[in-house]
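[1] Have a look; sequence and predicted model below, questions after that.
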Amino acid sequence: MAANQDGQACFAHSNAQLTPMVQIATECVVIVMALMHVTSSTEVVYTDVSAGYTGRMCNEECPVGWYGTNCSQECGHCANNSRCDPKIGICSDGCQTGWEGVFCAQGCPKGFYGNKCLLECTNCFEDECNTVTGKCTLGCTAGFSGYQCAQVCPDGLFGINCTDKCGKCSSEGQGRVCDAISGKCNFGCLPGYKENECKELCDYMYYGSGCKKCGVCKPGTTCDTFNGSCPEGCADGWFGDYCELSEPFSDEDGPQLALFLGFMISVVIIIMSLVTICLVLIWRREHLVEMESELPVKEKETPLIDRNGYLSDGEETFII
């Protein structure tokens, strides 16, 4: 068998009788060719004791970064690029940042980074971050920004990576004018804009905070979207800053007012009369049925017939 500088055999075997034996050593690989007598109860065991060494005579220790038989396996990410165990590859000094496991060959699981993968990625889109630095590789979730997405969006911005601008929000309250995630205005909109994001103007014929209904502007016109005034003036019979007040009747309107009131009174009287007639008819119909049911039923008289078969009223006989 071949041996390294520590006197260890490169390959060893037991419970076998080798006759004859030929050894060929090339790059610490020993090929043993033997004729052996092996019975059914005899087990031949080959043990590789050359791990951690290389060279033609198995006497050179693996260089830094390699281990195993013929130093053919690469070490993991050992801390400070230190040497791993030349035989089995364990990193005895721990792993580099972003790696874990006894061989330091496993990157941090999704959502974690740093030394021993103990730090958690924060506010990263889909929890994807660099396992070494913690930088969010796919950007931030809605409402956050910065290298590690640890900062809330600046006031006035919201959404994914803080790329959306807040609407026409009121700044009368204290704090952010709009929600960093949804963009909803925290203190309502400026006059003339719809809730909740305050990006759309009030509908036609509506104005101001909360989009109130306009007053009665001149036909074919509407009020100002922001202050509610009627630029073209009020319709006839209306006045006020917002054309929301109606004018009272004047003396000149007397005849027209009297005519209008007379018409309305006539309509009311007609309606009341019709209702009264209907009620009377309904009452009579219901009570007539009750009265008829209370009348006595007259018994029907049975005609008398004498013994000869003729009708009789008891005194005279009628021949039919």
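    All right, it came through fine.
[2] all helices for the chain, in order.
    For the chain, the helices identified by DSSP state H occupy 254-294, in order along the chain.
[3] which intervals of it have sub-threshold pLDDT?
    By pLDDT under 70, the low-scoring segments of the chain are 1-49, 249-257, 289-320.
[4] Where do the domain boundaries of the protein fall?
    Described in terms of automatic domain parsing, the domain architecture of the chain consists of the residue ranges 1-61, 202-259.
[5] now do the same end-to-end measure for the last one.
    Using CA to CA, to the nearest Å, the gap from the first to the last residue of domain 202-259 comes to 41 Å.
[6] what about that domain, distance to the chain center?
    Taking the mean of its C-alpha atoms, domain 202-259 sits 45 Å from the chain's own mean (CA atoms, centre = their mean, to the nearest Å).
[7] Equivalent analysis for stretch 180-187, please.
    Averaging C-alpha positions (CA atoms, centre = their mean) puts stretch 180-187 16 Å from its chain's average.
[8] For it, buried residues please.
    The neighbour-count check on stretch 180-187 (16 or more other CB atoms under 10 Å) flags A180, G183, K184, C185 as buried. For the C-beta atoms, the positions are set from N, CA and C on the backbone; glycine is no exception.
[9] Check stretch 217-226 too.
    For stretch 217-226, a neighbour-count test (16+ other CB under 10 Å) marks C217, T222, C223, D224, T225 as buried.
[10] Go ahead and confirm L138 touches F125.
    Yes. Under the criterion of CB atoms under 8 Å, L138 makes contact with F125 at 4.3 Å.
[11] Of these two, which one has the most company?
    Using other CB atoms under 10 Å, the more surrounded residue of L138 and F125 is F125, with 18 against 12.
[12] what sits against that one?
    The contact partners of F125, by CB atoms under 8 Å, 6 or more residues apart in numbering, come to C136, L138, G139, C140, T141, I160.
[13] mind running it again at 6 Å?
    Listed by CB atoms under 6 Å, 6 or more residues apart in numbering, the contact set of F125 reads L138, G139, T141.
[14] Can I get those in JSON lines including distance to L190?
    As requested, the contacts of F125 are arranged in JSON lines below (distance: CB to CB, whole Å):
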{"residue": "L138", "distance to L190": "35"}
{"residue": "G139", "distance to L190": "31"}
{"residue": "T141", "distance to L190": "29"}
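[15] nearest spatial neighbour of the most centrally placed residue in the chain, skipping sequence neighbours?
    By CA atoms, centre = their mean, the chain has its centre lying nearest to S182, at 11.6 Å. Take S182 and drop its neighbours on the chain: the residue closest to it by CB to CB, 6 or more residues apart in numbering is F158, 7.0 Å away.
[16] Just give me the neighbour total for that neighbour.
    Applying other CB under 10 Å, we find 26 other residues in the vicinity of F158.
[17] how close does it get to Y147?
    With distances taken as CB to CB, to the nearest Å, F158 is found 19 Å from Y147.
[18] go on, G65?
    If you go by CB to CB, the gap between G65 and Y147 works out to 31 Å.
[19] okay, now the closest residue to V132 other than its chain neighbours: neighbour count?
    The spatial neighbour of V132 that comes closest, neighbours along the chain excluded (CB to CB, 6+ apart), is G98 at 3.9 Å. Other residues near G98 come to 21 when the count uses other CB under 10 Å.
[20] what about the closest residue to L118 other than its chain neighbours, how many neighbours?
    Closest residue to L118 apart from its sequence neighbours, by CB to CB, 6+ apart: F112 at 7.3 Å. Neighbour count for F112, taken as other CB under 10 Å: 19.
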